[in-house]
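S.K.: test case, fold it:
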Amino acid sequence: MRRILSVPLLAILAVTALVAQPPPPGGFGRRGGPPPRGDRMEGKWWYNPPIVQRLGLTTDQQKKLEDVFQQNRLKLIDLTAVLEREQAILDPLLSADHPQESRVLAQFDKVAEARLDLEKANARMLWGFRTILTVDQWKDLQAQDDGRGPGPPPGHPPIH
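M.R.: From the prediction side, this is the model:
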């Protein structure tokens, strides 16, 4: 039983930057911008030239966004791993021929708690981003969703 988290595109971009995978064959599959260079890994929208230009991000804002990201990065990586671990424990419990209800329900609680912890930590990072951006920049960034609805950007696996 897997469910995709319902979080804004900005949150997905932030988390995918944390757990970026090697590029798929044929390129990075993201909308606009060159492949990452050096420490500018996939998903760091504050380095994506079209986004930087559209939002009018200053170099100081980019540095502050990077600082917030780095301050939260390890915690989000750890919390993502905890969620994946708890989900990995749940999967075989659900696949058993005769699932033990008490074990399954207890594991549901662990998965839900891990998901909540990850979402709360991500929300704190997003709040840090919000405090750096102007009202107009924040609204423009939120509007970038382009009508696809919440979910990972093209070329990225869903976050479970």
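
S.K.: and residue 130, how many residues sit next to it?
M.R.: 15 (other C-beta atoms under 10 Å). Using the backbone N, CA and C atoms, a C-beta is placed for each residue, glycine as well.

S.K.: isn't it right up against residue 141?
M.R.: No: contact criterion C-beta atoms under 8 Å: residue 130 and residue 141 do not qualify, at 9.3 Å.

S.K.: longest helix of this protein?
M.R.: helix 59-95 (DSSP state H).

S.K.: what mean pLDDT does that one get?
M.R.: For helix 59-95, mean pLDDT rounds to 97.

S.K.: same question, stretch 100-110
M.R.: 96.

S.K.: list the buried residues in that stretch.
M.R.: By 16 or more other C-beta atoms under 10 Å, the buried positions in stretch 100-110 come out as 107, 110.

S.K.: what comes into contact with it?
M.R.: Applying C-beta atoms under 8 Å, 6 or more residues apart in numbering, the contact partners of stretch 100-110 are 86, 89-90, 93-94.

S.K.: and residue 69, how far from residue 102?
M.R.: 40 Å (C-beta to C-beta, to the nearest Å).

S.K.: fine by me, we can end here.
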